[in-house]
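Novice: quick one, fold the following:
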Amino acid sequence: MPDEKQDHQEHGAAERAEEYPSKKVLLPIVLSVCLANFLASLDRTIIGVAVPAISNEFESFHDISWYESAYLLTFAALQLPMGKIYTFFRAKWVFSLFVVIFQVGSIISATAPSSAAFIVGRAVAGIGCAGLSTGGQVIFVDILPLEKRPKYQGLLAATFGVAAVAGPLLGGVFSTKATWRWCFWINLPIGALALVMLLFLLPSRPAPKKRSEESLAYKIRQFDPVGTSLLIPGLILLLLALQWGGEENDWGSPKVLGTLVPGLVLLLSFAASQAWIGNNGTVPPRLLRQRSIAAASVASLGVGSALIIVTFYLPIWYQAIQGLSAVDAGVRMLAYFIGTVVFVIGSGAAVSKLGYYTPWLMAGTVLMAIGCGLLSTLRVSSPDAHVIGFQILFGAGLGFSLAQPINAVQTVLPREDIPTGLTVVNFMNFVGGTIFVSVSQGVLTGTLRSELRRSVPDLDISAILGQGATDLSHSVSSDQLPLVLVAYNIGLRHVFYCAMAVSCLAFAASCFLEWRTVKPPQGNTQAGHDAS
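Specialist: Coordinates of the predicted model:
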């Protein structure tokens, strides 16, 4: 039986005896952090619909993959170093700086005279977003007592669902009714509002105790130059290999192997350097030896992977199998996104009320696995009611699960280790999604090849694979189309098997989480009772 008093004594994260903002100040701060994170999520979801218009204006079809890759490379490369930055420097000023960097990236993208300039803007925006994803969570640590954080973390996580709904719709409207450049101009007024509220309302709390007292030169020396010099190029090479492999080139091609192998070598060297450097590394080994942190990291990888697989491939099922447009497919996905938003907010409030986060992660990952399993039963003729029901089930599980690894980090770690713990969990979520979306593409391609060879042996398979998902009806004869749709559907069902597998991995990891509570021991009152 969990012991609440022991929980709070063991993990060393007892709240500081300082005054938290009153509710009238707290709510605008929370709003500003959520707005900044909403923009970071919107920046990824809005561009997909706008890419055709951008490439048409710049006549840059061959640059399309870089419009996303430039953002992902800088975002991923800086995720783990953010832990050091937020450990040694005040969250208010670091977060505000990254809001400004993100705004600069948006301006460069909106005013880009060429494809190359646009790619630079995307890379700068990726740098800004890298600082926002963890920064919002660190700010909540500063302004909220532990037992209040889960419900606000739920709001922060819900910004993904809102952006997932708004992004494609806004991108479509701007691209067709005005100009694609408004996809980036829209960031400026919202970002400016968030920045002003942060600067005027957010208290400038000291960085984690003791380390904040060190000199600037000392802090800079602690940024693990050896590990960082191995991590950043290693991640960039790995992501490039995942981007190119199976899409533009065979996995065994010199171009892919020439990035994949050195990338893996550098990342293995980074892991070895962390073991050698110890507590001063980017990822101190003692954190990963903590049971809940290790379990939360693996669970975050599984949850993030399933999220990306379903978010990416379910619209493809709608477009390829049911022949819907991108906008109509987005409308059919509303059940999934709205379900996620509702349940992530609800589970956050429940954790704050009841205290324990572990059962929510366990239940959520089970629902995710069941939802993915049901999605893997889809047929060409599946009715909308079934698909929507499966989406709601998966979205409910995702909503229950999304914020719980973050809650675990904040509960079991001492204050000075929380920024690093958050970056590790966020990094695993992001990298898991990046890796498994490429794995899923390989599964789809391999299954589709096999099924087409079996059912339509005289078909030019390379022509099918080279066409977009919405062009199947134009690529084959009317006699062949039903067989091709069945083959494509089988391939997508196998992709949902992948999502089910990583959801099961997340459930297995959740079983190893300690049963800690975010609530204080009975009778222990904390500063900040106004933060409600």
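Novice: secondary structure class for the nearest residue to L402 once chain neighbours are set aside?
Specialist: If the residues on either side of it in the chain are set aside, L402 comes closest to A157, at 4.5 Å by CB to CB, 6 or more residues apart in numbering. From N, CA and C alone the C-beta is placed, and that goes for glycine too. Look at A157: counting by DSSP: H, G, I helix; E, B strand; the rest coil, its state is helix.
Novice: so A157 sits right up against S401, yeah?
Specialist: No. A157 lies out of contact with S401 (CB atoms under 8 Å); the separation is 9.7 Å.
Novice: those two: which is more packed in?
Specialist: It is S401, of A157 and S401, that has more neighbours when counted by other CB atoms under 10 Å, with 34 against 25.
Novice: any idea how far A363 is from the more buried one?
Specialist: The gap separating S401 from A363 is 8 Å, by CB to CB, to the nearest Å.
Novice: again, but for L513
Specialist: Using CB to CB, one gets 13 Å for the distance from L513 to A363.
Novice: who has more neighbours, those two?
Specialist: Each of L513 and A363 has its neighbours counted (other CB under 10 Å); L513 has more, 26 against 18.
Novice: that one contacts A294, doesn't it?
Specialist: No. With contact defined as CB under 8 Å, L513 does not count as touching A294 (9.6 Å).
Novice: mind checking which helix or strand the residue lying closest to S41 once chain neighbours are set aside is in?
Specialist: In space, S41 comes closest to A163 once its chain neighbours are excluded; the distance is 3.5 Å by CB to CB, 6+ apart. Applying DSSP states H and E as the criterion places A163 in helix 149-177.
Novice: what comes up buried for that helix?
Specialist: Within helix 149-177, the residues that count as buried by 16 or more other CB atoms under 10 Å are 149-172, 174-175.
Novice: please apply the same query to stretch 301-314.
Specialist: Within stretch 301-314, the residues that qualify as buried are 301-314, counting by 16+ other CB under 10 Å.
Novice: burial of the nearest residue to I435 once chain neighbours are set aside, as a residue count?
Specialist: Using CB to CB, 6+ apart and skipping the chain neighbours, the partner closest in space to I435 is L242 (6.6 Å). As a burial measure, L242 scores 23 neighbours (other CB under 10 Å).
Novice: thought L242 was touching S438?
Specialist: Yes. Counting by CB under 8 Å, L242 touches S438, with 4.4 Å between them.
Novice: OK, contacts around S133?
Specialist: When contacts are counted by CB atoms under 8 Å, 6 or more residues apart in numbering, S133 is found next to 37, 40, 79, 82, 426.
Novice: quick check: which element contains it?
Specialist: Here S133 is assigned to helix 115-143, by DSSP H and E.
Novice: what mean pLDDT would you report for the longest helix seen in the chain?
Specialist: Secondary structure of the chain per DSSP state H: the longest helix is helix 418-455. Confidence for helix 418-455, expressed as mean pLDDT, is 86.
Novice: next, the buried residues of that helix.
Specialist: Buried residues in helix 418-455, defined by neighbour count with 16+ other CB under 10 Å: 418-441, 443-444, 447-449, 451-452.
Novice: and for the closest residue to L35 other than its chain neighbours, the neighbour number?
Specialist: Excluding the flanking residues, the one nearest L35 by CB to CB, 6+ apart is A194, at 4.1 Å. Here the number of neighbours of A194 (other CB under 10 Å) works out to 26.
Novice: next, the contact list for A194, please.
Specialist: Shown in contact with A194 (CB under 8 Å, 6+ apart): 31-33, 35-36, 39, 99.
Novice: can we see that at 10 Å?
Specialist: Residues near A194 by CB atoms under 10 Å, 6 or more residues apart in numbering: 28-29, 31-39, 95-96, 99, 103, 132.
Novice: next, the angle helix 115-143 makes with the helix or strand hosting it.
Specialist: Per DSSP H and E: A194 is located in helix 187-201. Inter-element angle recorded for helix 187-201 and helix 115-143: 30 degrees (by axes from the mean of the first three to the mean of the last three CA atoms, to 10 degrees).
Novice: in helix 187-201, which residues are buried?
Specialist: Using 16+ other CB under 10 Å as the test for burial, helix 187-201 gives 187, 191, 194-195, 197-198, 201.
Novice: for the residues you listed, which one is nearest R90?
Specialist: L198 (11.9 Å; CB to CB).
Novice: any idea how far that closest one is from L422?
Specialist: Applying CB to CB, the value for L198 to L422 is 18 Å.
Novice: separation between the residue nearest in space to the middle of the chain and L505?
Specialist: Centroid-nearest residue in the chain, with CA atoms, centre = their mean: F430, separated by 4.8 Å. According to CB to CB, F430 and L505 sit 16 Å apart.
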